[in-house]
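*Asks:* Show me how the following folds:
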Amino acid sequence: MNHIKDIVGHRDQQAQLQNDIATNNVSHAYLFSGAPHLGKMSLALKFAYDLLSIDANEEQKQAIRTAVEKRTHPDLNVLDKLWIEGVMEDWDAIAKYSNVPQVHRAKKPGAKTDSISIDDVRALHHRLMETGTSRFRCCLIRNVERMQDAAANAFLKILEEPPEGLVFILTTQSKESLLPTIISRTRPITFTRVGTKDLHPFVKDLPEDDQRFILHIARGAPGEVVELRDDPDRLRLHKTVHTSALSFWREASLSRQLHMLKDLHKRDEDATRLLLHLGLTLREQDPKTCVRYAPAYQELVDGFRTNAHRQLIAQRFVMSIR
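*Replies:* Modelled structure (predicted):
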């Protein structure tokens, strides 16, 4: 669960939001876009807290902070984690992230993906029609690109005529996949990767080798740094995959190279992790090798974004670099 905390980096983005409040120029909708784990949702929650506590005294601010973190504030609506049949069915766990009603997702047939359906938008809309107690009310939606077409069109109607005082804070990892009409009705704020200097305090108590490795593979994403720091098993797994990926570029046997890429054949976390480390270890090769193989690696990445046969794409990649 995201807590309200100091944001690492993103000083320009924070300054813009604070200036919007100071100049009474708060937009009815913001779109935070950028790669995963950059801190978009963390800043969204902090901005929501800032809006909800504008007229509060210090004692009230603490109560508001707690309510926002626990998703219990009456003027805060959050659509984050969704109920998914056989995957995410613990209502208590979901409530730590989302407070918009989701009972409809458990009705037969149950929802099987984290796509935001038109029923999810209708449930949200119903909540948004309730009256608020603060100067502003806030609605946070994580990864708004999850909306199905019908849901996106229904949500667009809400954006076009939002209730007075309601501020939408949307996050996305794929701005280009959103409806242009949704983008045009938001104030866009782009998130970029955070510099190593800002991230180093998170890992300063770790062994030096672990510090370097975490900062290397996190690629400027504060959330990834924290997850790797706090989860030794996850860090160990990444080290294992990194070593395997490094061996791939040095392997002379075609059959062994093909075997080393078997995890790429499925669309899962193992494939995503291996693809990441293939790219990172390619950068660790000598400049000539890196330049030579970079186009083939990019073609591999692009190919996996389609619905093409992943095993054939991996095989073609191996043949192209030999």
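*Asks:* drop to CA atoms for contacts and neighbour counts, all remaining ones
*Replies:* Noted.
*Asks:* Mind pulling the model confidence for the nearest residue to residue 271 once chain neighbours are set aside?
*Replies:* Distances taken as Cα to Cα, 6 or more residues apart in numbering put residue 264 closest to residue 271, at 4.4 Å, once the chain neighbours are dropped. Residue 264 carries a pLDDT score of 95 in this model.
*Asks:* cool, residue 5 as well?
*Replies:* In this model, residue 5 is scored at 68, pLDDT.
*Asks:* Residue 1 now?
*Replies:* pLDDT, read off for residue 1, is 55.
*Asks:* so what's the residue nearest to residue 271 up against?
*Replies:* Counting by Cα atoms under 8 Å, 6 or more residues apart in numbering, residue 264 makes contact with 270, 271, 272, 274, 275, 310, 311, 314.
*Asks:* what's around the second one, how many residues?
*Replies:* In other words, residue 271. 16 (other Cα atoms under 10 Å).
*Asks:* now swap in the third one and tell me
*Replies:* Number of residues near residue 272 (other Cα under 10 Å) recorded here: 15.
*Asks:* Remind me which helix or strand it belongs to.
*Replies:* When elements are assigned from DSSP states H and E, residue 272 belongs to helix 269-283.
*Asks:* Which elements pack onto that helix?
*Replies:* Packing partners of helix 269-283 (3 or more Cα pairs under 8 Å, 6 or more residues apart in numbering; DSSP states H and E): helix 232-250, helix 287-304.
*Asks:* okay if I get those as TSV plus mean neighbour count?
*Replies:* Output for these, formatted as TSV (neighbours: other Cα atoms under 10 Å):
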stretch	mean neighbour count
helix 232-250	16
helix 287-304	15
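*Asks:* Any idea which of those gets closest to residue 129?
*Replies:* Closest to residue 129 of the helices and strands packed on helix 269-283, according to Cα to Cα: helix 287-304, at 41.4 Å.
*Asks:* Can you list the helices and strands that that closest one packs against?
*Replies:* Going by 3+ Cα pairs under 8 Å, 6+ apart, helix 287-304 lies up against helix 269-283, helix 310-320.
*Asks:* quick one: the first one to helix 232-250, angle?
*Replies:* Right, helix 269-283. Counting by axes from the mean of the first three to the mean of the last three Cα atoms, to 10 degrees, helix 269-283 lies at 50 degrees to helix 232-250.
*Asks:* Give me the mean pLDDT for helix 269-283.
*Replies:* Mean pLDDT, computed over helix 269-283, is 95.
*Asks:* what's the answer for stretch 31-45, then?
*Replies:* For stretch 31-45, mean pLDDT rounds to 95.
*Asks:* what about it, start to end distance?
*Replies:* Here the two ends of stretch 31-45 are set 13 Å apart, with distance taken as Cα to Cα, to the nearest Å.
*Asks:* Now the helix holding residue 272: buried residues?
*Replies:* By neighbour count on 16 or more other Cα atoms under 10 Å, the buried set for helix 269-283 is 270, 271, 273, 274, 275, 276, 277, 278, 279, 280, 281, 282.
*Asks:* so where do the strands sit in the stretch 1-150 of the chain?
*Replies:* 29-33, 76-79, 137-141 (DSSP state E, counting those that start in this stretch).
*Asks:* coming back round to it: same list (the buried residues of helix 269-283) but as CSV, adding distance to residue 142.
*Replies:* Shown next, in CSV, are the buried residues of helix 269-283 (distance: Cα to Cα, whole Å):
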residue, distance to residue 142
270, 24
271, 24
273, 22
274, 26
275, 25
276, 23
277, 26
278, 29
279, 27
280, 28
281, 31
282, 32
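*Asks:* C-terminal to the longest strand seen in the chain, what's the next element?
*Replies:* The single longest strand within the chain, with elements called by DSSP state E, is strand 166-172. Per DSSP H and E, the first helix or strand lying C-terminal to strand 166-172 is helix 180-184.
*Asks:* Please produce a markdown table containing the helices and strands packed on helix 269-283, extended by mean pLDDT and distance to residue 74.
*Replies:* A markdown table is the format used below for those (pLDDT from 0 to 100; distance: least, Cα to Cα, whole Å):
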| stretch | mean pLDDT | distance to residue 74 |
| --- | --- | --- |
| helix 232-250 | 96 | 36 |
| helix 287-304 | 94 | 42 |
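*Asks:* For residue 107, find the nearest of those.
*Replies:* That would be helix 287-304 among the helices and strands packed on helix 269-283, by Cα to Cα, at 33.3 Å.
*Asks:* who's in contact with residue 81?
*Replies:* The contact partners of residue 81, taken as Cα under 8 Å, 6+ apart, are 94, 97, 98, 114.
*Asks:* Let me see the backbone angles for it.
*Replies:* Dihedral pair for residue 81: phi -70, psi 140, per degrees, to the nearest 10.
*Asks:* count of residues packed around residue 149?
*Replies:* So residue 149, with other Cα under 10 Å, has 15 neighbours.
*Asks:* State the pLDDT value of it.
*Replies:* pLDDT at residue 149 comes out at 94.
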